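J.: build me a model:
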Amino acid sequence: MKKTLFVLLFLASAVFAHAQDVLPTKSVYVELGGAGLPYSFNYDFRFDKERMDSWGMRVGAGGYTTGSDSFFSLPVMVNKLYGKGPHYFELGFGLTFFAFDEDNYSYCNNGYYDANGNYVCTSYQDQDSYYEFILPVDGSPSLMGTMNFGYRRVPVDGGFTWRVNLTPIYNNNGFWPLYAGVGLGYAF
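T.: Residues are numbered from 1 along each chain as shown. Here you go, the predicted model:
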């Protein structure tokens with residue numbers, strides 16, 4: 001009995017010691033704002049599983065539906081972490097595919113920026129309403145370019161992770177540098 005207990009204790013400590021050597025190069029998190037636009041659920045991973053300060057990628061999905069509206073987003077970004085655990089600066093770029101219920105919205109056919117930097121649409125496909133998410137959108141489905149500059153905290157042994165970032169967005173109708181995001185999740 002004592003030998004069995006000793007062997008089990010030894011195996012458990014060996015597994016625990018090995019688990020501490022594995023870097024948390026993957027994470028799942030929910031992000032409010034950011035590349036998923038209103039919000040998104042994301043999976044992030046490093047290409048080099050032996051270094052946290054390396055290139056990686058994130059893929060997510062977000063959206064909502066109400067009685068008359070629906071919206072879906074799919075952010076895909078390549079990112080690089082700089083720093084040493086648990087504190088990292090994140091730099092990234094990518095695209096967000098999104099679609100919405102086009103029957104309830106019109107979109108801008110033509111426009112310009114006035115002297116104050118405001119976008120003025122001169123013609124709509126449908127004059128009843130107008131859809132934009134920060135920037136005017138040319139219909140559904142569409143793409144929004146995204147960049148990412150932010151702070152990411154990833155515990156050395158994994159666990160609760162969080163991030164705060166500035167996420168400039170752009171499309172063929174303009175550029176908005178002050179969009180941001182906040183994410184909470186689990187690194188493993």
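
J.: give me the below-cutoff pLDDT ranges for this protein.
T.: Residues of the chain meeting the criterion pLDDT under 70: 1-21, 102-109, 123-131.

J.: from residue 158, how far off is the residue nearest the centre of the chain?
T.: With distances taken as CA atoms, centre = their mean, residue 35 lies nearest the centre of the chain, 4.4 Å away. Computed with CB to CB, to the nearest Å, the distance linking residue 35 and residue 158 is 23 Å. Where you see a C-beta, it was placed from the backbone N, CA and C, and this is true even at glycine.

J.: do residue 138 as well
T.: Taken as CB to CB, the spacing of residue 138 relative to residue 158 amounts to 42 Å.

J.: with residue 87 instead?
T.: Separation of residue 87 from residue 158 (CB to CB) stands at 15 Å.

J.: neighbour-wise, which of residue 138 and residue 158 wins?
T.: residue 158 (18 against 15; other CB atoms under 10 Å).

J.: I'd assumed residue 86 was in contact with the more buried one.
T.: No. Counting by CB atoms under 8 Å, no contact exists between residue 158 and residue 86, whose distance comes to 10.3 Å.

J.: the spatially closest residue to residue 58 that is not a sequence neighbour: helix or strand, and which one exactly?
T.: By the measure of CB to CB, 6 or more residues apart in numbering, the closest residue to residue 58 outside its immediate chain neighbours is residue 44, 4.1 Å from it. In this assignment (DSSP states H and E), residue 44 forms part of strand 39-46.

J.: how about residue 64?
T.: In this structure, residue 64 is located in strand 55-65 according to DSSP H and E.

J.: for that strand, what is the distance to the chain centroid?
T.: Relative to its parent chain, strand 55-65 has a centroid offset of 5 Å by CA atoms, centre = their mean, to the nearest Å.
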